[in-house]
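> structure of the sequence below:
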Amino acid sequence: MSELPWRIVFFGTPFFAVPSLQTLALGPDEVVAVVTQPDREKGRGRKVVPSPVKEFALQKGIFLSQPEKVKDEAFQKTLRNLNPYLFIVVAYGQILPKSLLTIPKLGAVNVHASLLPKYRGPAPIAWAILNGEKKTGVTTMMMDEGMDTGDLLLQSEIPIGEDETTEILHDRLASLGAQVLMDTLKRMKTGEIRPIPQDQSKATYVPMLKKEDGRIDWGREGEVIDRQVRAFRPWPGAYTEWRGRLLKIYKGEVREGKKTGKAGTVLWVSTNFIEVETGRDSYLIKEVQLEGKRRMPVRDFLAGHPVSVGTVFS
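Residues are numbered from 1 along each chain as shown. Now for the predicted structure:
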């Protein structure tokens, strides 16, 4: 391996990628360019905003590129002229074609938020919580043309807390990803690491989240609904319908004990929670956001929106 500082091009877009870029920028290697997605509209006002990775690159004065498509010949020529030794890709948002992966002398290293080959795909953190996994982690791998199918480099495992939400787990994994990335580069330079092919028989794939994934089916078990609330926080949010308006549920807990009645029926209204019948046990809603309103504890919601026992959430 080269003893000189490696010339690195970093690909990334959301906040998840920022800790890796920050740590890389402080390290011994040279980040010669950052590639991120074009600015997109965001929020209710549809304001065009830069990605978190772009903001960091601008602050540090790193050369920035935002191609609409990475197959663009002019973009690829620009990268070739930079003479990079390695690409590092963290939650970039586009699949890199072979014509791009062959530009750097050493190839491309990807940081992925799961213990591959499980949870390949764009939303591994939320789906791990939704499926009731007890652990997850970060994997670094050499990239190929597939979706998270490259040879494994390093992995680091962490437990998933019983009450953990995607937004909390996301931040923990983002920090862990930066650590694993730097350890990976260090070991690559000393020759301590060798790529290992993934066991394809153990591979699972998870799709991009859609808004409709958040709709609550009260006929499911209370534990499943609780995982849905935690997994889809902050987006797309777990939601039900009340008086013709969407009601997002941000926090709650399962109350054990078989009830009788119809799933979705309000069994009890307390000062601090609304108890709802599920397919098994009940669910105590504790924090909500009514469509068009701010997020609030149930205590504040009930002050302006009384809910009666026997009400059915659809």
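> for stretch 32-42, buried residues please.
Using 16 or more other C-beta atoms under 10 Å as the test for burial, stretch 32-42 gives Val32, Ala33, Val34, Val35, Thr36, Gln37. The C-beta positions use only the backbone N, C-alpha and C, and glycine is treated the same way.
> isn't the last one up against Ala91?
Yep, that's Gln37 we're talking about. No: using C-beta atoms under 8 Å, Gln37 and Ala91 do not qualify as a contacting pair, with a distance of 10.1 Å.
> overlap in contacts, these two.
Any residue near both Gln37 and Ala91 by C-beta atoms under 8 Å, 6 or more residues apart in numbering counts here, and that gives Thr13.
> quick one: the lowest-mean-pLDDT helix or strand in the chain to chain centroid distance?
When the helices and strands of the chain are scored by mean pLDDT, DSSP states H and E, strand 40-42 comes last with a mean of 85. Centre-to-centre, strand 40-42 and its host chain are 18 Å apart (C-alpha atoms, centre = their mean, to the nearest Å).
> and that strand, what does it pack onto?
The helices and strands touching strand 40-42, judged by 3 or more C-beta pairs under 8 Å, 6 or more residues apart in numbering; DSSP states H and E, are strand 47-49.
> CA-only coordinates of stretch 101-111 in CSV, if you can.
The C-alpha coordinates for stretch 101-111 follow below in CSV (Å, rounded to 0.1, in the frame of the first residue of the first chain):
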residue,chain,number,x,y,z
LEU,A,101,-15.6,2.3,-9.5
THR,A,102,-12.6,1.6,-11.7
ILE,A,103,-11.3,5.2,-11.5
PRO,A,104,-9.5,5.0,-8.1
LYS,A,105,-6.5,2.8,-7.9
LEU,A,106,-7.7,1.0,-4.8
GLY,A,107,-11.5,0.9,-5.6
ALA,A,108,-14.3,2.1,-3.4
VAL,A,109,-15.0,1.5,0.3
ASN,A,110,-18.6,1.7,1.5
VAL,A,111,-19.9,2.3,5.1
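> in it, which residues are buried?
Buried residues in stretch 101-111 (16+ other C-beta under 10 Å): Leu101, Ile103, Pro104, Gly107, Ala108, Val109, Asn110, Val111.
> show me which pair in these is furthest apart.
Farthest-apart pair in these is Ile103 and Val111; separation 19.0 Å (C-beta to C-beta).
> what comes up buried for the longest helix seen in the chain?
Taking DSSP state H as the criterion, the chain has its longest helix at helix 166-190. Neighbour-count burial for helix 166-190 flags 166, 168-170, 172-174, 176-178, 180-185, 188 (criterion: 16+ other C-beta under 10 Å).
> dump the C-alpha coordinates for stretch 146-163 into PDB.
What follows is stretch 146-163 as a C-alpha-only set of coordinates in PDB (Å, rounded to 0.1, in the frame of the first residue of the first chain):
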ATOM      1  CA  GLY A 146     -24.500  -4.600  -6.800                       C
ATOM      2  CA  MET A 147     -26.600  -3.300  -4.000                       C
ATOM      3  CA  ASP A 148     -24.500  -3.800  -0.900                       C
ATOM      4  CA  THR A 149     -23.000  -7.000  -2.300                       C
ATOM      5  CA  GLY A 150     -19.300  -6.300  -2.100                       C
ATOM      6  CA  ASP A 151     -16.600  -8.100  -0.100                       C
ATOM      7  CA  LEU A 152     -16.600  -7.400   3.700                       C
ATOM      8  CA  LEU A 153     -13.800  -5.600   5.400                       C
ATOM      9  CA  LEU A 154     -14.800  -4.800   9.000                       C
ATOM     10  CA  GLN A 155     -17.900  -5.000  11.200                       C
ATOM     11  CA  SER A 156     -18.800  -3.600  14.600                       C
ATOM     12  CA  GLU A 157     -21.900  -4.700  16.500                       C
ATOM     13  CA  ILE A 158     -24.100  -2.800  19.000                       C
ATOM     14  CA  PRO A 159     -27.300  -3.700  20.800                       C
ATOM     15  CA  ILE A 160     -30.700  -2.100  20.000                       C
ATOM     16  CA  GLY A 161     -32.300  -0.700  23.100                       C
ATOM     17  CA  GLU A 162     -35.800  -1.800  24.000                       C
ATOM     18  CA  ASP A 163     -37.200   1.800  23.600                       C
END
